[in-house]
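Peer 1: Sharing a model prediction with you, sequence too.
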Amino acid sequence: MIPVEHYIALSAVLFVIGAIGFLVRRNIVLMLLGIEIMLNAVNLALVAFNRMRPEAHTGQMLSFFLIAAEAAELSIGLALILAFYRLKKTVRIDDANLLRH
Amino acid sequence: MHLLASLFPNDRFGLLGLIIALPLLGAIVNGIWGRRLGRQAVTAMALTVMGLAFSAALVTFLHLREVAHEAGHGSHVRLAWTAWEWFHTAGGRSAHNIPIDLRFSVDQLSGIMMLVITGIGFLIHLYSSSYMADDASFSRFFAYLNLFVTSMLILVLGDNLVVLFIGWEGVGLCSYLLIGFWFGKLENAAAGRKAFIANRIGDFGLIIGMFLIAQYTGALDWDGIARNAQQLLAPSAAARVHLWPVGGGVYQGFWSFLQPAHPLTISAATAASLALFLGCTGKSAQLPLYVWLPDAMAGPTPVSALIHAATMVTAGVYLICRLNFVFVLSPFAMTVIAVVGALTALFAATIALVQNDVKKVLAYSTVSQLGFMFLGVGVGAFTAGFFHVFTHAFFKACLFLGAGSVIHSMHAHIHDDVASQDMRNMGGLKKYMPVTFATFAVSTLAIIGTPLTSGFFSKDEILFKAFTSPAVHPFAEKLAQRGLGVWKQPTWIGPTLYVIGVIAATMTAFYMCRALFLTFFGEFKGWEIGEAKHDHAHGHDDHGHGHDDHGHHGPAPAPHESPWQMTLPLVVLAFGALFGGWLNAAPFHFEPLGEWLEPVFERSVKLGVEVVGGEEHAHHLMWPLAGGGIAAFAVGSAIAYWMYIAQKGEPAKKIAESNKALHQLLLDKWRVDEFYGATVLGVTEATAETCAAVDQGIVDGLLARATAATVAAGGFVLRAMHTGLFHVQGAAMVLGIAGFGWFFIAPHADVAVNELSGTYTVQAAPGIGYAYRWDADGDGKFDSDRFGDQRVLAVSVEQGKTKQVRLEVKNVFGLTGTTSVTVGTEAKKGATVVGLR
């Protein structure tokens, strides 16, 4: 059986990949993907931790909720990207500076 | 009448509500829809409600007469109606429950006021429908006028001081609105404000008087106050009103030099009476608050007639008559009222001698006549004072309306507000305006006290009573038995008041005849002015060439008589002015009004008014004293005739020339306004400017601007971080999250020490998954190798010694942190440690 620590390590690696992608990418769509990777890292960690308390399913339950929230978040995010694209004819994050002082 | 009695029992006399509601309805309809209704509908509405209100008042009065008749001679009857129970207040020295209801009542006194208000009110509404016909704000005028009548009726019919106060403020408001009716001109708006502020000072007094009465009598309705009025005279020192030290305190320490040997106190009756009288001086234009009334003539003339001559300004006299049982308890206050009244009568008369504006003459004449009324009530001649209210309402309303008629016709001729009121431009108008002339002349005869007219009877009665009946303390003997002295009116005051009254009456005769002669006799002097104005108007009025309807281009049209809506009220009022006196013709022992009002004043007059030398002796003085009034009439009018008819105004000019300074002083109204401007207004303005400086310097500068500058500086720094670059912000977010993460990962070993009567407890701060181990005995080694969940440690320390306690914390990540704390207090040097361990 694969020990829990391996899952946690994988989750941490995924989270860092997602975070780096979120920070260095200029394309909003790809930044959104970074966010998704981070969220899935969290999901993986939740499910893995659930193995430490097999009698309870709280970790799995929580990851289901997270998946639903992710879907909602993604749809809103995509809608925002579309709206932004219509406004600026680009999806580069540096052009989103209307509220800049 | 039977139907009326069955419909409205005496204590649920709902007709009173109707009398008040009708003018209110007119005010609402004309106020809201007046502009859309058009002039005819507005006129119809206003006149209908006033006519119906007068009819209802008449029916009520007749019914009241019947009820009074049934109740027997000399009984005080009252028809009352409670609209609703408003609120209760607990208060007074005996903690009474004071009900304050919206309750109206009519008795012998208010019945007459009610008739005067609705009757003369109706006539003046009729007059206004023509006088104001060309005004742009026709409907607004009638809305205000109706609202005024409502307020005045509430004032008069209110059954307690609070309801009276509603009306009192209401008439003040309407007066303000109507004085400033033509607010486009700055002076008019200023005159309105002046009236309002002067009245405000008086209202302050009225409120204080109200509080005092509620405090001492535990009631605010007329019956309750009358029942408990003697409480106002409670002689014990604690029950008196302490003037110094203020409120009965004691000045101590540094301030003890202010403490007098004996506290300065007055009886509550005196305090309440003087406070109420302050209210009266405001509303009824007495010294020192009279200054607003002459300026109030800025309003339309019917307003001057209704509000500033016939009704509102007599509210003060009405209040004193209403609360006569309070005022007679204080001979000092009564004397003050009489003296102020007499002085006002004289003072205003001197100003009226030289004024050229016809309305100003009438205004000062009103102030002067109001002074006579206060002189009357001040000497306890309530009937006489109130009778003068009644007769004055007729002749002064008629004079004002007559002046309005003249101004109306002059204005059509001159087209100038100031010049059309100047008597020097008039003259000879009796030829052009016969009805106005006749009524004006009759009213002048009445006001100057021509024998057998109304003014003669009312004024003579006042002068007679002023001479013969000083105010006395009702319980002087009883208090003297207990060794308490009371203030006694000096004997010289009565005759002095009489002499002042006669002099003022002489002046009245002179200035009223002067006004009559200048306006209606001699040659019309307005031709030149009219012509000049007319030519001037042609310059920028070219289309005027076309209309030859007037038949002539050169001189302006001749003055003309006013339409019937204006002359009919004049005739009715002149009739009243001529014959109204016979309601109370004391010299002829024919006094229906006196008998009618007797139940209202009987008790007070018995208590507080003494007749020098007894009734018999006074009776013999009646005709001789009336001689003074008749002489005043004869001398004053004769001088005026000689000056202005026989010599055509030459002597007046000569006197003015030879006494230039005095003449100018009188023309400037003794410069009282300037005096007030320098003192009261100067101080107020200085205070206001100081406050403004503090506000602009400290509040605005230090508090507001300094705060704003701090925030702006902070904003300037923070703004640098808002680059708008998404990645910078994202990185900041990640840094923040990392910081939080570190906070949770690092262990925090914090302790708090509590002491409770010698025992100490050390408490470690909680944290998620924290485990603790302690070094409680201070030996440098932890008590246990294992971490436990003991979060609170009790430590015993010897008195005067200290102990070092250490704590180690381990969190879920296996990281540890330590801290140490010193428990206990060190003994102070030299201090002995007492007590057991």
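Peer 2: Cool, got the structure.
Peer 1: List the contacts of the nearest residue to residue B:313 once chain neighbours are set aside.
Peer 2: Nearest residue to residue B:313 in three dimensions, chain neighbours excluded: residue B:284, at 5.1 Å (Cβ to Cβ, 6 or more residues apart in numbering or on different chains). For the C-beta atoms, the positions are set from N, CA and C on the backbone; glycine is no exception. Applying Cβ atoms under 8 Å, 6 or more residues apart in numbering or on different chains, we find residue B:284 in contact with B:313-317, B:370, B:373-374.
Peer 1: Next, give me the two most distant ones among the residues you listed.
Peer 2: B:315 and B:374 (12.3 Å; Cβ to Cβ).
Peer 1: tell me the mean pLDDT for whichever helix in chain A runs longest?
Peer 2: Longest helix in chain A by number of residues, with DSSP state H as the criterion: helix A:58-88. For helix A:58-88, mean pLDDT is 93.
Peer 1: helices and strands around it, which ones?
Peer 2: Here helix A:58-88 touches helix A:28-50, going by 3 or more Cβ pairs under 8 Å, 6 or more residues apart in numbering or on different chains; DSSP states H and E.
Peer 1: that older thread, mind putting the contacts of residue B:284 into TSV with secondary structure, pLDDT and neighbour count?
Peer 2: As requested, the contacts of residue B:284 are arranged in TSV below (DSSP: H, G, I helix; E, B strand; the rest coil; pLDDT from 0 to 100; neighbours: other Cβ atoms under 10 Å in any protein chain shown):
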residue	secondary structure	pLDDT	neighbour count
B:313	helix	91	27
B:314	helix	91	30
B:315	helix	93	25
B:316	helix	93	29
B:317	helix	94	27
B:370	helix	94	31
B:373	helix	94	31
B:374	helix	94	31
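Peer 1: out of those residues, who's nearest chain A?
Peer 2: The shortest approach to chain A among the contacts of residue B:284 belongs to residue B:315, at 66.1 Å (Cβ to the nearest Cβ).
Peer 1: Just give the closest residue to the closest one, not the sequence neighbours.
Peer 2: Closest to residue B:315 by Cβ to Cβ, 6+ apart is residue B:283, at 5.0 Å.
Peer 1: which residues touch the one you found?
Peer 2: Here residue B:283 is in contact with B:168, B:171-172, B:199, B:202, B:312-313, B:315-316, B:319 (Cβ under 8 Å, 6+ apart).
Peer 1: before we move on, the earlier item: and the angle for the longest helix of chain A with helix A:28-50?
Peer 2: Counting by axes from the mean of the first three to the mean of the last three Cα atoms, to 10 degrees, helix A:58-88 lies at 180 degrees to helix A:28-50.
Peer 1: Mind listing what's buried along helix A:58-88?
Peer 2: Buried positions in helix A:58-88, judged by neighbour count with 16 or more other Cβ atoms under 10 Å in any protein chain shown: A:59, A:62-63, A:66, A:70, A:77, A:81, A:84.
Peer 1: Name the nearest of those residues relative to chain B.
Peer 2: Comparing these against chain B with Cβ to the nearest Cβ places residue A:84 closest, at 11.6 Å.
Peer 1: Enumerate every residue touching residue B:350.
Peer 2: So residue B:350 contacts B:507, B:666, B:670 (Cβ under 8 Å, 6+ apart).
Peer 1: just the buried members of those?
Peer 2: Buried by 16+ other Cβ under 10 Å: B:507, B:666, out of these.
Peer 1: TSV for the contacts of residue B:350, including secondary structure, pLDDT and distance to chain A?
Peer 2: Formatted as TSV, those follow (DSSP: H, G, I helix; E, B strand; the rest coil; pLDDT from 0 to 100; distance: Cβ to the nearest Cβ, whole Å):
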residue	secondary structure	pLDDT	distance to chain A
B:507	helix	93	80
B:666	helix	83	73
B:670	helix	83	69
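Peer 1: can you list the contacts of residue B:350 in TSV and add distance to residue B:493?
Peer 2: Formatted as TSV, these follow (distance: Cβ to Cβ, whole Å):
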residue	distance to residue B:493
B:507	21
B:666	27
B:670	24
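Peer 1: Helix or strand: which one has the residue of chain B found nearest chain A?
Peer 2: Proximity of chain B to chain A (Cβ to the nearest Cβ) peaks at residue B:724, 2.7 Å away. Under DSSP states H and E, no helix or strand contains residue B:724.
Peer 1: got it, and residue B:807?
Peer 2: strand B:803-810.
Peer 1: who touches that strand?
Peer 2: Identification of contacts with strand B:803-810 by Cβ under 8 Å, 6+ apart yields B:747-749, B:751, B:762, B:764, B:767, B:770-778, B:780, B:782, B:787, B:793, B:795, B:797, B:816-824.
Peer 1: Swap in 6 Å and give it another go.
Peer 2: Defining contact as Cβ atoms under 6 Å, 6 or more residues apart in numbering or on different chains, one finds that strand B:803-810 is touched by B:747, B:749, B:751, B:762, B:764, B:770-775, B:778, B:787, B:797, B:816-824.
Peer 1: Kindly report the same for stretch B:512-525.
Peer 2: B:361, B:423, B:425-430, B:437, B:444, B:447-448, B:637, B:640, B:644-645.
Peer 1: just stretch A:13-30 next, same as before
Peer 2: A:31, A:34-35, A:37-38, A:41, A:81, A:91-93, B:730.
Peer 1: just the buried members of those?
Peer 2: Those of the contacts of stretch A:13-30 that meet the buried threshold are A:31, A:34-35, A:37-38, A:41, A:81, A:91, A:93, B:730, by 16+ other Cβ under 10 Å.
Peer 1: In a markdown table, list the residues you listed along with distance to residue B:682.
Peer 2: Converted to a markdown table, these look like this (distance: Cβ to Cβ, whole Å):
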| residue | distance to residue B:682 |
| --- | --- |
| A:31 | 73 |
| A:34 | 77 |
| A:35 | 74 |
| A:37 | 81 |
| A:38 | 77 |
| A:41 | 81 |
| A:81 | 72 |
| A:91 | 74 |
| A:93 | 69 |
| B:730 | 68 |
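Peer 1: Would you map the strands across chain B?
Peer 2: In chain B, the strands defined using DSSP state E lie at B:78-91, B:96-107, B:241-244, B:264-266, B:751-756, B:759-764, B:771-775, B:792-795, B:803-810, B:816-823.
Peer 1: ok, the residue lying closest to residue B:122 once chain neighbours are set aside to residue B:18 distance?
Peer 2: In this structure, residue B:122 finds its nearest non-sequential neighbour in residue B:50, 4.3 Å apart by Cβ to Cβ, 6+ apart. Plainly put, residue B:50 is 13 Å away from residue B:18 if you go by Cβ to Cβ, to the nearest Å.
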